[in-house]
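1. what's the 3D shape of this:
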Amino acid sequence: MSDDGTMRVSEEPMGADPANSRGEMQHRHAAAQTRLKNRHLYMIAMGGCIGTAYLVGSGRTLSRGGPALALAGFVTTSATVWAFATLMFEMAACMPLHGAGADTYATRLLSRSFGFAMGWNYWYAYAMLVPFEVTAATLVVGYWSPPVPDAVLITILVVAVAGLNYLPVGHSGEAEFVFSSLKLGMLTGIMVLSVVVAAGGGPTGDRLAFRYWRDPGPAIPWLVAGGKGELVSFIGVLLSFLGEMVAMCGGETEEPRRTIPRASRALLVRLVCFSVLPIFFVTLVCPSNSPELTSGGAGAGSSPFVIGIKAAGIPVLDHIVNAVILCSAWSAGNVYMYMASRSMYSLAVAGNAPGIFARRNKWGVPYWAVTSCTGLALLAYLNVSSSAGQVFNWFVNMINMAAFFSWILISCAYLRFRAAMRAQGVDRSTLPYVSRLGKPGAYLCIIYFTAIGFLNGFNVFFPGQWSVSDFLTAYIGTLLFAVLYIGHKLTVGRRDAWVIPAGEVDLFRAHEEPIVAETVSLDAEISHTGSSIWKRVIGKRGK
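-> Take a look at the predicted model:
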């Protein structure tokens, strides 16, 4: 670590004196005063991106597609997200860099121009999620109809999210540990409650079973009638899912080459147990034709989880769930600002953003990068002049396209990663983590996210659905990415190859430093103690 707090990649060849490397890394390891603990990473994997888009937005998903299509959509997209995550896990476990983000892998494996465009795109995607969650939080608070202006609520929420991110990263990790625990506990409780109510154990004694799958039916046409309408509904459902972040934490976690493989198992558990299963159980107690799902009601009033609770005749619980949803919005906003600030820091370290954003304080926090994200969070004040629901939809459209570009390029980077390993004679079996899907999974992700990207905002092309604002927010991300890539290619990257030849890809320097760093930490590793079922499920050891 340099005097100004920035991390520098080792320039030593693989054959450098290990004693010197070990001594230098001991100094660097001691200078990194605050890092995410393994348990923080597990909780980010399990509940970090469970926010209002899932807890409230799933109501729109259910109303558009019905129970069967909603469940099929979450299963399909969860499977694709997991396939994508394993690709990034493999690269991150092999090539983790302090302060590294997706742009680092694009730069090293594709080209500097792709890395530049993707780095800014990734920052934009995560940074826009912050005002998205703040906007959602104002909707949630509106459930109680407080006599407080939206501007005051927005100010409080932005200060709360930004303030935590100026503190040592361990504080953010601890906060996320607590709030993710609340979210997971709530979802677990709702799943159990849904089973009890569906079996006739609610206050009314009405046995629901699969009643709402029969009436109004398993699938609901949307925009057009008949089978085509059901297909359109399914596409709309697919566009409702957004999530992946754990691998980008690799640069600020302890022993990432061993932690990330365990986190991959935690992510799979999260997708199955806390994304797919809750949707299935809630379809048993919440009818897809409930007017509250489509009435635009504020807060938990439009959440299928709360609608099911109300229909079962359970008092007070809706207010408790609303409070947890509010905590979820703040929690997700905190995580997204963390990811956005680290993306900006990564850009600055790579020379793709002003160097001021690489400055860290004594706690290792890139405070100017956090400030840049705080500035963009102020877009939440659009709620003051427009309805919160409309602003919410704008943010959803803008975020989706940015995320799709990121996922497509990361999948392309993985294919280049595999080509470089083959060209340089690196045995894949020696890697600390290997994606089971490999190249077929990468091609699947490219095809899937490209198709979904073209369909983002597709509903505006149906009769009577045209909206200039919806069209622009859905597709302006394509123009922004093209401007970033072409602008860099015609200037700074004009002499670079379109794609780095596989034999010239820098694989070794990228992962040399973490190998040495972990050799240092292995000397003081705490041996495994305890063997609870939870630790076995998530692969937790010694932390």
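2. next, give phi and psi for the nearest residue to V130 once chain neighbours are set aside.
-> Spatial nearest neighbour of V130, excluding adjacent residues (CB to CB, 6 or more residues apart in numbering): A377 at 4.4 Å. The way it works is simple: take the backbone N, C-alpha and C, and place the C-beta from them, glycine included. Here is the backbone geometry of A377 (degrees, to the nearest 10): phi -60, psi -20.
3. mind listing what A377 touches?
-> 127, 130-131, 134, 158, 161-162, 333, 337 (CB atoms under 8 Å, 6 or more residues apart in numbering).
4. can you flag which of the residues you listed belong to strands?
-> Of the contacts of A377, none are assigned to strands by DSSP state E.
5. ok, back up a step: check the gap between the residue nearest to V130 and F74 for me.
-> Going from A377 to F74 by CB to CB, to the nearest Å gives 28 Å.
6. so what's I408 up against?
-> 445-446, 449-450, 453.
7. now rank those by neighbours and give me the top one.
-> C445 (24 neighbours; other CB atoms under 10 Å).
8. residues in contact with that one?
-> Contacts of C445 (CB under 8 Å, 6+ apart): 80, 83-84, 87, 407-408, 411.
9. mind checking which of the contacts of I408 are in helices?
-> Judged by DSSP state H, the contacts of I408 include 445-446, 449-450, 453 as members of helices.
10. make JSON lines from those and add pLDDT to it.
-> As requested, the ones in helices among the contacts of I408 are arranged in JSON lines below (pLDDT from 0 to 100):
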{"residue": "C445", "pLDDT": "88"}
{"residue": "I446", "pLDDT": "92"}
{"residue": "F449", "pLDDT": "84"}
{"residue": "T450", "pLDDT": "87"}
{"residue": "G453", "pLDDT": "79"}
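11. return the member of the residues you listed nearest to A497.
-> Nearest to A497, judged by CB to CB, of the ones in helices among the contacts of I408 is I446 at 20.9 Å.
12. host element of the residue nearest to the closest one when sequence neighbours are not counted?
-> Spatial nearest neighbour of I446, excluding adjacent residues (CB to CB, 6+ apart): S411 at 4.8 Å. Secondary structure assignment for S411, by DSSP states H and E: helix 388-423.
13. can you check K439 too?
-> helix 438-455.
14. which neighbouring elements make contact with the helix or strand just after that helix?
-> Downstream of helix 438-455, the next assigned helix or strand under DSSP H and E is helix 468-490. Helices and strands touching helix 468-490, by 3 or more CB pairs under 8 Å, 6 or more residues apart in numbering; DSSP states H and E, are helix 112-141, helix 388-423.
15. nearest to A70, out of these?
-> helix 388-423 (16.8 Å).
16. now the angle from the closest one to helix 438-455?
-> Put simply, helix 388-423 runs at 150 degrees to helix 438-455, going by axes from the mean of the first three to the mean of the last three CA atoms, to 10 degrees.
17. you'd agree G59 is in a helix?
-> Yes: judged by DSSP: H, G, I helix; E, B strand; the rest coil, G59 forms part of a helix.
18. let me see the contact set for the residue nearest to I446.
-> Per CB under 8 Å, 6+ apart, neighbours of S411: 84, 87, 442-443, 445-446, 449.
19. closest to L267 out of these?
-> F84 (10.6 Å).
20. go ahead and confirm that closest one touches L409.
-> No: at 11.4 Å, F84 does not count as touching L409 under the criterion of CB atoms under 8 Å.
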